[in-house]
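> Here is a sequence together with a model predicted from it:
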Amino acid sequence: MKKVFIIIISVFVLSSFSGCALNKVEKEENILAGKTLNFSGKDLNGNKITKDLFKGYNLIMINKWGTFCNPCVQEMPDIQKIQDEFKNKKVKVIGVISIDKEKIDEKSLINDAKKIISIKKINYLNILPDKKLNEQLNKFDFVPVTLFIKPNGEVLETYITGATKFDYFKKIINSALKDELK
């Protein structure tokens with residue numbers, strides 16, 4: 001009986017990490033679809049970032065990730081490849097660091113993020129969201145999650161949960177650039 005209890009508890013604990021899984025385009029409704037992100041925050045050097053950054057791009061890919069999430073970190077090189085391959089097609093990649101709590105040690109979070117970014121040799125923009133953007137993105141209570149945004153800030157319906165590989169990102173982005181995604 002004790003073994004059965006331990007197995008049940010183990011399955012429950014493991015299932016609580018559902019955001020750290022293989023990629024899939026969600027068939028469930030994207031709760032932010034059709035809405036405009038309150039896109040504002042600061043980069044890891046403290047510079048203010050707004051949705052003015054979207055101007056001149058055809059598509060913006062936002063990847064919400066956590067410094068505590070190994071699958072998030074493991075997919076970063078594939079996201080970097082997307083940034084490199086699609087920059088001439090005016091696709092902007094932005095990492096948004098997950099902030100779960102109201103009270104965080106921001107300095108420590110920034111230091112952790114900078115270390116990860118350096119180790120993974122990432123040069124796409126990563127930001128800390130302001131309170132409004134954080135509230136919007138925390139409607140997805142898992143990481144990683146990738147959203148696709150129109151230049152006006154409107155969130156497309158298609159989104160990806162879990163860690164994703166380059167070819168899968170590429171397929172989704174090519175569809176978005178052809179206006180095949182909602």
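Nice, thanks for sending it over. Numbering: from 1, shown residues only.
> and the gap between the nearest residue to residue 50 once chain neighbours are set aside and residue 62?
In this structure, residue 50 finds its nearest non-sequential neighbour in residue 40, 5.2 Å apart by Cβ to Cβ, 6 or more residues apart in numbering. For every residue, glycine as well, the C-beta is placed using N, CA and C. Relative to residue 62, residue 40 is positioned 13 Å away (criterion: Cβ to Cβ, to the nearest Å).
> returning to that earlier point: is it true that the residue nearest to residue 50 touches residue 135?
No - counting by Cβ atoms under 8 Å, residue 40 stays clear of residue 135, with 11.6 Å between them.
> Neighbour count for the two, which is higher?
Neighbours were counted for residue 40 and for residue 135 using other Cβ atoms under 10 Å; residue 40 has more, 18 against 11.
> For the more buried one, list the residues it contacts.
Counting by Cβ atoms under 8 Å, 6 or more residues apart in numbering, residue 40 touches 48, 49, 50, 51, 129, 130, 132, 133.
> Recalculate using a threshold of 7 Å.
By Cβ atoms under 7 Å, 6 or more residues apart in numbering, the contact list for residue 40 reads 49, 50, 130, 132, 133.
> ok, and for stretch 163-171, which residues are buried?
Neighbour counts over stretch 163-171 (16 or more other Cβ atoms under 10 Å) mark 163, 164, 168, 169 as buried.
> Any chance of the backbone angles for the closest residue to the first one other than its chain neighbours?
By that I understand residue 163. Of all residues not flanking residue 163 in the chain, residue 71 sits nearest, at 3.7 Å (Cβ to Cβ, 6+ apart). As for residue 71, its main-chain torsions (degrees, to the nearest 10) stand at phi -60, psi -30.
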